[in-house]
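Colleague: next come a sequence and a model predicted from it.
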Amino acid sequence: MLSTMQDVPLLVTRILQHGMTIHGKSQVTTWTGEAEPHRRSFAEIGTRATRLANALRDELGVQQDDRVATLMWNNAEHVEAYFAIPSMGAVLHTLNLRLPPEQLVFIVNHAADRVVLVNGTLLPLLVPLLPHLPTIEHVVVAGIGDRSALEGLGVRVHEYEELLAGRPDTYDWPELDERQAAAMCYTSGTTGDPKGVIYSHRSIYLHSMQVNMAESMGLTDKDTSLVVVPQFHVNAWGLPHATFMTGINMLMPDRFLQPAPLADMIEREKPTHAAAVPTLWQGLLAEVTANPRDLTSMKQVTIGGAACPPALMEAYDKLGVRLFHAWGMTETSPLGTMAHPPAGLTADEEWPYRITQGRFPAGVEARLVGPGGDRLPWDGESAGELEVRGSWIASSYYGGVGGEPTRPEDKFSADGWLKTGDVGVISPDGYLTLTDRAKDVIKSGGEWISSVELENALMAHPEVAEAAVVAVPDDKWDERPLATVVLKEGATVDYAGLRAFLGQSIAKWQLPERWAFVEAVPKTSVGKFDKKVIRKQYADGVLDVTKLD
């Protein structure tokens, strides 16, 4: 028996049309670094997205399934591209501007992008790459920046605003298959070449609904979200689409991502929500500690991309800002979990739940798999690799033009579950606690040491700004932890003092013998600790390492 329900495709187009009409007065505010930020209503965003679609089709010849890349900051124009490109049947390809040049070249060529939309301030990054990007035919430039270097490179150059001028305000949006590609994003390539993940209209629509649920971010049109997480990083965690569904106002920082301007825009624009990785919030904390600002408008902050140190949560609690842990990855669109404690608990009782990665929503199924492939129980103690599946979880990687999708055995199980590479435990009521990445677990004398646990304990020290721990070879124990530490200005603590501090909460056999003070912990393109760089620095003898007895 079939249902009697209508079969209306779940499309990005419908999110656009809903946002620009039902929530037409909601706003996208882009920080300019000047006296007044730039404001554009959802209705205006929708109209301009329509004009952009007309320009891409009529002037640039973009057809269905063509890849249109963006190399842009978080701003109103990028939001317009987010909706125009997939709604017309093309594929939005957001480029990670923090990747090394050779990886950007690989990604653009692998995707065979025909057009790239770029902010003028990012032309110094794009121009040297263009001679190595044979599929790029058009470059569309938005905002300030010197265009002269684009001359003679064999591509047609267009001005964004000139393209939109005079274009029709209507577009005969195609009724697409909801399983058709809408957007693509490549992994950060920490091991091997970056891998392409293709999001469907259906997956984006369902993911947006989940982002808006109370057990996730639960925002409404009374809220303003400071979208710091880059639009090139897993669709800004789904926020641009989710906001158009419910009328949430967006505050976009553009290129002003330093702690001081972020603190200024929070104090001035008073967002109620924000989203970014832990390292950004650590920098902001240092800024407002040195130069106090009022951050109390932010009732909640979604923090993901890496484990959030409990000490950072406690510091923001004192400022009246509550941090909510989330977990996800490029392959999960990215929402996988969100750490809302159960109802009816005191603040002290909530704390053990807050420091987990959170609970799985209805759209994500999870399981833990042991080293031998055995399924492990959700008992809060049995640690294994996390595998997930669901309607917004990848089932394969893009194989390139004419290529078949790839399903590497180290990334996908034989029965189709995504192997996340994260090691952790799950409580009986579905709260995930990650203990490490599988590649970062320290295997010492037949036992596992969690690098994340050591890092969190170190960053609880009042004189430590950042700490990253990696496994290094050891003749006796196979591997032992190396602790690299960034001290706060004026700190006096030494290695022995830090080791003694760790000994208050960490088993003696897990305490690092090898230590190094560093000016900064190397970061990946999305702000995570880049541990492969630290391991190489150790192997090459670059680090000034002290070994304690």
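Modeller: Looks like it came in fine. Numbering: from 1, shown residues only.

Colleague: avg pLDDT for the helix ranked longest in the chain?
Modeller: Secondary structure assigned by DSSP state H gives helix 42-58 as the longest helix of the chain. Average pLDDT, helix 42-58: 98.

Colleague: direction included, what does the helix or strand bottoming out on mean pLDDT in the chain pair against?
Modeller: Lowest on mean pLDDT, DSSP states H and E among the helices and strands of the chain sits strand 447-449, with a mean of 80. According to DSSP bridges, strand 447-449 has the following sheet partners: strand 442-444 (antiparallel).

Colleague: buried residues, the strand it pairs with. List them.
Modeller: By 16 or more other C-beta atoms under 10 Å, the buried positions in strand 442-444 come out as 442, 444. In this view, the C-beta of every residue, glycine as well, is placed from N, C-alpha and C.

Colleague: residue 448 touches residue 383, doesn't it?
Modeller: Yes - Residue 448 is in contact with residue 383 according to C-beta atoms under 8 Å; the separation is 7.5 Å.

Colleague: show me where pLDDT drops low in the chain?
Modeller: 189-191 (pLDDT under 70).

Colleague: what about residue 313, distance to residue 215?
Modeller: Plainly put, residue 313 is 19 Å away from residue 215 if you go by C-beta to C-beta, to the nearest Å.

Colleague: okay, these two: which has more neighbours?
Modeller: Shown here are residue 313 and residue 215; by other C-beta atoms under 10 Å, residue 313 has more neighbours (22 against 13).

Colleague: that one: what secondary structure?
Modeller: helix (DSSP: H, G, I helix; E, B strand; the rest coil).

Colleague: for it, which non-adjacent residue is closest in space?
Modeller: residue 323 (4.8 Å; C-beta to C-beta, 6 or more residues apart in numbering).

Colleague: could you give the angle of the helix or strand that the longest helix of the chain is followed by to helix 42-58?
Modeller: Downstream of helix 42-58, the first helix or strand assigned by DSSP states H and E is strand 67-71. On the basis of axes from the mean of the first three to the mean of the last three C-alpha atoms, to 10 degrees, strand 67-71 is oriented at 130 degrees to helix 42-58.

Colleague: test my guess that residue 518 contacts residue 483.
Modeller: No - using C-beta under 8 Å, residue 518 makes no contact with residue 483, being 10.2 Å away.

Colleague: more neighbours, those two?
Modeller: residue 483 (25 against 18).

Colleague: how about residue 159, nearest residue that isn't a chain neighbour?
Modeller: Using C-beta to C-beta, 6+ apart, the closest residue to residue 159 is residue 141 (6.1 Å).

Colleague: quickly find the element holding the one you found.
Modeller: Secondary structure (DSSP H and E) places residue 141 in strand 138-142.

Colleague: please name the residues that touch residue 293.
Modeller: 263, 264, 266, 267, 287 (C-beta atoms under 8 Å, 6 or more residues apart in numbering).

Colleague: no no, residue 28
Modeller: Neighbours of residue 28 in contact, by C-beta under 8 Å, 6+ apart: 39, 40, 41, 42, 45, 76, 79, 249, 250, 252.

Colleague: against residue 528, how distant is the residue nearest to the spatial centre of the chain?
Modeller: Centroid-nearest residue in the chain, with C-alpha atoms, centre = their mean: residue 233, separated by 4.4 Å. According to C-beta to C-beta, residue 233 stands 11 Å off from residue 528.

Colleague: one more: residue 60?
Modeller: In terms of C-beta to C-beta, residue 60 sits 35 Å off from residue 528.

Colleague: same deal with residue 334?
Modeller: 13 Å.

Colleague: which of these two has more neighbours?
Modeller: Remark: of residue 334 and residue 528, residue 334 carries more neighbours, 23 against 20, as counted by other C-beta under 10 Å.

Colleague: what sits against that one?
Modeller: Counted by C-beta under 8 Å, 6+ apart, residue 334 has contacts 234, 237, 238, 304, 328.

Colleague: for these, give me TSV that also has neighbour count and secondary structure.
Modeller: Output for the contacts of residue 334, formatted as TSV (neighbours: other C-beta atoms under 10 Å; DSSP: H, G, I helix; E, B strand; the rest coil):
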residue	neighbour count	secondary structure
234	27	helix
237	25	helix
238	27	coil
304	27	coil
328	25	strand
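
Colleague: from the residues you listed, pick the one nearest residue 13.
Modeller: residue 238 (16.7 Å; C-beta to C-beta).

Colleague: ok, and the spatially closest residue to that closest one that is not a sequence neighbour, which helix or strand is that part of?
Modeller: Nearest residue to residue 238 in three dimensions, chain neighbours excluded: residue 211, at 4.7 Å (C-beta to C-beta, 6+ apart). Assigned by DSSP H and E, residue 211 falls within helix 201-212.

Colleague: which residues are contacting that helix?
Modeller: The contact list for helix 201-212 (C-beta under 8 Å, 6+ apart) reads 9-15, 86, 176-180, 182-183, 216-219, 235, 237-239, 241-242, 245-246, 333, 335, 361-363, 391-392.

Colleague: now the buried members of these.
Modeller: 10-15, 86, 176, 178, 180, 182-183, 216-217, 219, 235, 237-239, 241-242, 245-246, 333, 335, 361, 363, 391-392.

Colleague: give me the distance between the two termini of stretch 509-518.
Modeller: One end of stretch 509-518 sits 24 Å from the other (C-alpha to C-alpha, to the nearest Å).

Colleague: give me the contact list for it.
Modeller: Residues contacting stretch 509-518 (C-beta under 8 Å, 6+ apart): 444-445, 447, 449, 454, 469, 472, 480-487, 495, 498-499, 502-503, 543-549.

Colleague: please spell out the PyMOL selection for the buried subset of the residues you listed.
Modeller: Buried residues within the contacts of stretch 509-518, by 16+ other C-beta under 10 Å, are selected in PyMOL with:
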select buried, resi 444+449+454+469+472+480+481+482+483+484+485+486+487+495+498+499+502+543+545
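
Colleague: residues near the residue nearest to residue 313, how many?
Modeller: Residue 323 has 23 nearby residues by other C-beta under 10 Å.

Colleague: mind listing what it touches?
Modeller: Contacts of residue 323 by C-beta under 8 Å, 6+ apart are 281, 300, 301, 303, 308, 312, 313, 316.

Colleague: give me phi/psi at the nearest residue in space to the fourth one that is not next to it in sequence?
Modeller: To tie it back to what came earlier, the one meant is residue 303. Closest residue to residue 303 apart from its sequence neighbours, by C-beta to C-beta, 6+ apart: residue 323 at 5.0 Å. Backbone torsions of residue 323, given as degrees, to the nearest 10, read phi -90, psi 130.

Colleague: tell me where the stretch 201-350 of the chain has strands.
Modeller: 224-227, 249-252, 273-276, 300-303, 323-328, 335-338 (DSSP state E, counting those that start in this stretch).

Colleague: rebuild the ones you listed as CSV, extending it with distance to residue 458.
Modeller: Below are the strands of the stretch 201-350 of the chain laid out as CSV (distance: least, C-beta to C-beta, whole Å):
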stretch, distance to residue 458
strand 224-227, 29
strand 249-252, 33
strand 273-276, 22
strand 300-303, 19
strand 323-328, 19
strand 335-338, 25
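
Colleague: between these, which one is nearest to residue 126?
Modeller: Of the strands of the stretch 201-350 of the chain, nearest to residue 126 by C-beta to C-beta is strand 249-252, at 20.4 Å.

Colleague: just the buried residues of the contacts of residue 28.
Modeller: Judged by 16+ other C-beta under 10 Å, buried ones among the contacts of residue 28: 40, 41, 42, 45, 76, 79, 249, 250, 252.

Colleague: dump the residue contacts of residue 319.
Modeller: Counted by C-beta under 8 Å, 6+ apart, residue 319 has contacts 285, 288, 295, 296.

Colleague: make it 6 Å
Modeller: Contact analysis of residue 319 by C-beta atoms under 6 Å, 6 or more residues apart in numbering lists residue 295.
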